[in-house]
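Student: Here is a sequence together with a model predicted from it:
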Amino acid sequence: MPLRLQLFYPEKPAQSHVLFEGKEYLMGRSEDCDVILKGHEVSRYHARISHSNGVWELHDHNSQNGCFANGKRVSSVALSRHAELTIGGIKCRLEHMQHRQITAESSFRQWRKQYLTLAAEQMFQETALNSLLRSATETLVTILSSDRAAVIFLDDDGDISECSGFPSWMCGESFTGSRTAIAQAIETGEPVILSSITDNPLLAEAASIVRNSIQALLCFPIVYKGEVVAVLYADSTVSQRAFLDTDLVIVRAFARQLSMALQIQDIEQRLHQLQVV
């Protein structure tokens, strides 16, 4: 049975690897490792994972900072169906997979690329901002398989001014997302992606995070004419939900398409004004 290995880095999307029986996987900081771990506490060749007699096992390679299971340092450990380890300071989640799960997830990744292409064509045809927002939000919810996702437009002060569909968790004073994450994305112009909120001390203590029990979030700025005019926002209150590096790739592509749709809409409005004159 294959094994899914997810790596959780502070302020980065999680990385997911699928390991198959019949091969030994070397993990570490070195570029020639099968699974490269990026962290200053990771040794060049830190540990290995192998499958034998129906059991997946992890073995430490006499690394300096070790491998930990349940808070205790281990030299080797049999991996249960669901296991959580810390390898060189990096949080890892491991779970056994069925082959049909791998096929289904691969098919989904291919499908959402095709869906995004069709959705972009639809956005380019929208002539009203509200229609564009609804279309964009539906697309975001679909490509992230999330029911807590929305496109949020900002006012001149960089605050929430309009949210497509106005879901109850996004409305005005009752907004239950993370304003801190949105503010950070607006200020830096860079995406804020956390697969584990506890890895970010600033956000972990933010009132909105604590109050709403947010476990993971993604906030991607939409830049138009050199300014952040909107953010793609999604979060999760489910502890096992993580936003992956593959999610970031698809969201970045969607952000480019949405920015282009805004530009097309702006040009069409200007042409209409000229025709009226």
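Tutor: Yes, it's here. Residues are numbered from 1 along each chain as shown.

Student: all helices of this protein, in order?
Tutor: In the chain, the helices defined using DSSP state H lie at 99-125, 129-144, 179-188, 201-204, 207-212, 245-276.

Student: By mean pLDDT, show me the worst of the ones you listed.
Tutor: Mean pLDDT values for the helices of the chain show the minimum at helix 201-204, a mean of 68.

Student: Quick check: G66 touching H59?
Tutor: No. Using CB atoms under 8 Å, G66 is not in contact with H59; the gap is 11.9 Å. C-beta here means a position set from N, CA and C on the backbone, and glycine is covered the same way.

Student: Near G88, how many other residues are there?
Tutor: Applying other CB atoms under 10 Å, we find 24 other residues in the vicinity of G88.

Student: gap between it and L232?
Tutor: G88 is 32 Å from L232, where distance means CB to CB, to the nearest Å.

Student: Check K91 too.
Tutor: Distance from K91 to L232, counting by CB to CB: 25 Å.

Student: same thing with S52?
Tutor: From S52 over to L232 the distance is 44 Å, taken as CB to CB.

Student: the more surrounded of G66 and H59?
Tutor: Using other CB under 10 Å, the more surrounded residue of G66 and H59 is G66, with 19 against 15.

Student: so what's the more buried one up against?
Tutor: For G66, the contact set (CB atoms under 8 Å, 6 or more residues apart in numbering) comprises 60, 73-74, 88.

Student: Give me the subset of those lying in strands.
Tutor: Taking DSSP state E as the definition of strands, these contribute 60, 73-74.

Student: Make a markdown table out of those residues and add pLDDT.
Tutor: Shown next, in a markdown table, are the ones in strands among the contacts of G66 (pLDDT from 0 to 100):
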| residue | pLDDT |
| --- | --- |
| D60 | 93 |
| R73 | 94 |
| V74 | 93 |
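
Student: between those residues, which is nearest R256?
Tutor: Ranked by distance to R256 (CB to CB), these are led by D60 at 42.7 Å.

Student: Please name the residues that touch the most centrally placed residue in the chain.
Tutor: The centroid of the chain falls nearest to F243 when counting by CA atoms, centre = their mean (2.6 Å). Listed by CB under 8 Å, 6+ apart, the contact set of F243 reads 13-14, 144, 193-195, 216-218, 234, 236.
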